[in-house]
Structure formats: structure tokens, C-alpha cells
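**Student:** 3D model of this:
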Amino acid sequence: MQLDGCIQSSFVQPLPGDRILIVRSRNRGGTNAEVWTSDGRREHQGDLGDAIEHVLTTPAGAIWAGYFDEAMAGSGPQTHGLARFTADLEPDWLYPQRPAMPEIFDCYALNLADETAWTCAYTRFHLVSVTGDTPTDHGPAPYRSAHALLTDGASGAFNRGLRTRIRPGDSVPDRCLSGDTCR
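**Tutor:** Numbers count the residues shown, from 1 in each chain. Now for the predicted structure:
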């Protein structure tokens, strides 16, 4: 399939109904996200914010975006560090900026297990899950500065860099993913 007139992409993700999401990481205003159909028609375009570090989609079509530190200087959804959008590219949920939750200055790691998002973010590096509209702080992650988080919702592992191998000792303690704290 050829997409005539699409934006230059940093991320490409599948969406239900044989559609694809294309997102550009940087946006200084205007459009940086597009949804395309399998026959090459642009269905939606929108703004997911600036300084996008991660984009992932769920089987139901939710779009999750995690942002790097430069997003904090802007305005819009990116200032929350983590946001969920509808398949129509409309904001659906924003990470709460309240004392009970660790702040997200840079979304170092983001992954999905079905419809639940999991993140580990700078500066406190807590493992946080979001199910529906409810974020849960599972406490400090066993490793700081992980740039990748692998999870199926029941178990997981952190990867601290491109040359890091994931070993059984690097796995996330079961208590972190079961609803208890990581402490």
C-alpha cells in the first residue's frame, strides 16, 4: 500500500479495522498523527503533542503516547507525560498530575498488556500501570533508568539499554505486577 501525502513518520502502529496509525515525534503545532485505511485513504489527522518518545496501540484501538522531557515545556497532553487517545485522535485520558502519583518528566519505558498500559518514568522510576482510567503506583521499580519494559500483565522484565541482555535476575518481581508494591 502506498500512502500518498502522509506525514513523515517516527512511529507506525496497527489499529482495528485494517487501519494504521502514523505519528511524527516532533510537533510545533498542526498535525503529527494520521489514521489511514487499508485502501490508502486518510481517515483522521490530529495532534498528539510534541516530544513523543513512545506510541503504542491496544487491540481495542486505544492509542498510548509517552513523552520525553522536552514535552514539559509545552502545553497540551504532552505536559502530563503519558496520554491515551481514541482512534479518532482525540484525547481520552491524561496522566494525573497529583501528589499521590509519581510525576512523569520523561517516559523512559512504556508497554501494553491488552488494554493496560505499564510505564516506568524519570525521575522516581516507579512502576505504574493504568487500567481503564485508574493509574496504580506499584512503587519503585527494581532497576532505575530502564528504557524498555516487557510485560504480559502477569510477569515482566526491564531492559536498561541496547546492550543489556534480559536475564532471569532482571525480571520484575511478581509482587510488582500483582497489585502489590515493588518494595
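**Student:** show me where the protein has strands.
**Tutor:** Per DSSP state E, the chain carries strands over the ranges 11-15, 19-23, 33-36, 42-46, 52-57, 63-67, 82-85, 91-94, 106-113, 116-122, 126-131, 134-140, 148-151, 156-159.
**Student:** could I get those strands as TSV with mean neighbour count and mean pLDDT?
**Tutor:** Bear in mind the C-beta positions are built from the backbone N, C-alpha and C, glycine included. Supplementary listing: the strands of the chain in TSV, determined by neighbours: other C-beta atoms under 10 Å; pLDDT from 0 to 100:
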stretch	mean neighbour count	mean pLDDT
strand 11-15	16	97
strand 19-23	21	97
strand 33-36	22	97
strand 42-46	16	96
strand 52-57	21	97
strand 63-67	27	97
strand 82-85	23	98
strand 91-94	18	97
strand 106-113	22	95
strand 116-122	23	94
strand 126-131	20	94
strand 134-140	16	92
strand 148-151	20	86
strand 156-159	21	80
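**Student:** count of residues packed around the residue nearest to residue 22 when sequence neighbours are not counted?
**Tutor:** With sequence-adjacent residues excluded and distances taken as C-beta to C-beta, 6 or more residues apart in numbering, residue 22 is closest to residue 9, at 4.4 Å. Residue 9 has 18 neighbouring residues, counting by other C-beta atoms under 10 Å.
**Student:** Contact partners for residue 9?
**Tutor:** Contact criterion C-beta atoms under 8 Å, 6 or more residues apart in numbering gives 22, 23, 24 as the residues in contact with residue 9.
**Student:** Equivalent analysis for residue 26, please.
**Tutor:** So, once contact is read as C-beta under 8 Å, 6+ apart, residue 26 ends up touching 10, 32, 50, 51, 52.
**Student:** And residue 97, by the same measure?
**Tutor:** By C-beta under 8 Å, 6+ apart, the contact list for residue 97 reads 80, 103.
**Student:** returning to that earlier point: among the contacts of residue 26, which ones are buried?
**Tutor:** The neighbour-count criterion (16 or more other C-beta atoms under 10 Å) marks 32, 50, 51, 52 among the contacts of residue 26 as buried.
**Student:** my read: the last one touches residue 70, true?
**Tutor:** Yep, that's residue 52 we're talking about. No: under the criterion of C-beta atoms under 8 Å, residue 52 makes no contact with residue 70, lying 10.2 Å away.
**Student:** tell me, what's touching these two both at once?
**Tutor:** Contact criterion C-beta under 8 Å, 6+ apart; no residue bridges residue 52 and residue 70 by contacting each.
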